[in-house]
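Engineer: sequence first, predicted coordinates after that:
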Amino acid sequence: MNKMKYLLLVLLSILIPILTIAQLNNSIEERHQKALFTISEHYLDKSFAIENSLEKTGYTPLNRKIWDDFPILRKIEAAYISAEITNHGSGKYLLAILSKSLAQNYQNAITENLYLKEYLSIPIPSNTKLAYSNISKETIQQQRAKLPNSIKQAIIVLSQYSNGGAIGGVENILAHYFNLPIEKSYEILSSSNNSREALERGIKAVKPELRNNKISQLVRVVDASYTSARSHTELDFFRVREIDCLRAARAFHSVP
């Protein structure tokens, strides 16, 4: 019996730290949550250019109010899957239309992009109407698992270039500020209901010891781009960290 108790204590001593670390990784501090909420509410691009392009092809979301809050990647993916289910092969025409539309504003970046070249070469007028079906969330989840990586890559690129503003959309933040792998970014963006949720899930995917610095870098760009940002005191903690980092860097480089 004593041997069993000893083994149980040893097992608990191993499991408790593991569970504690896992819990920390799956939660975020309140100041992180508040900062990301402010950024998502006030400083992410709110344009509906991609939505307008989708609607021109004939796509209509089931619930516009919920749809409006979705990350752009999720919107493009839903339309692509809907088109494919309705008429196999028509999804590529949707990607072609969106690629050509974006190329009007980002000609060099889009035309030279490895993942979009195929679609830019498809001869299809921009005013072409496609057929879509009303599909459930479960169907989208099932079809998502079957999407080739090349399609996912194209959707990611389209979503990133569909955002405007100084910091772009949540797609750009996950990729360029949080430095998440493409697969993780896609997973988060395709299943989040709004940008705030995607940002919170994104920062959870960052190692806890790196989270403050990641958000500080983001806040620095927000401050430099929007004069109104200085009024948001919930970002002050990350401003102080940025100043401390700069001072430390200057001190390091000044050492003979």
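Structural biologist: Received it, and whenever you're ready, just let me know what you need. Numbering: from 1, shown residues only.
Engineer: to what extent is residue 77 buried, counted in neighbours?
Structural biologist: 27 (other Cβ atoms under 10 Å). Heads up, the C-betas are built off the backbone N, CA and C, glycines and all.
Engineer: do residue 41 as well
Structural biologist: Neighbours of residue 41 (other Cβ under 10 Å): 12.
Engineer: next one: the helix or strand it falls within to chain centre, how far?
Structural biologist: Using DSSP states H and E, residue 41 falls within helix 30-42. Between the mean C-alpha location of helix 30-42 and the chain-wide mean there is a distance of 15 Å, by Cα atoms, centre = their mean, to the nearest Å.
Engineer: who are the packing partners of the next helix or strand after it?
Structural biologist: Per DSSP H and E, the first helix or strand lying C-terminal to helix 30-42 is helix 49-56. Counting contacts by 3 or more Cβ pairs under 8 Å, 6 or more residues apart in numbering; DSSP states H and E, helix 49-56 packs against helix 72-86, helix 91-103.
Engineer: and residue 225, what does it touch?
Structural biologist: By Cβ atoms under 8 Å, 6 or more residues apart in numbering, the contact set of residue 225 is 43, 165, 166, 167.
Engineer: hmm, the second one is touching residue 44, no?
Structural biologist: Yes: because the distance of 6.9 Å satisfies Cβ atoms under 8 Å, residue 165 is recorded as touching residue 44.
Engineer: how about residue 71: what's its closest non-neighbour residue?
Structural biologist: With sequence-adjacent residues excluded and distances taken as Cβ to Cβ, 6 or more residues apart in numbering, residue 71 is closest to residue 189, at 4.6 Å.
Engineer: can you report phi and psi for that neighbour?
Structural biologist: In this entry, residue 189 is assigned phi and psi values of phi -70, psi -30 (degrees, to the nearest 10).
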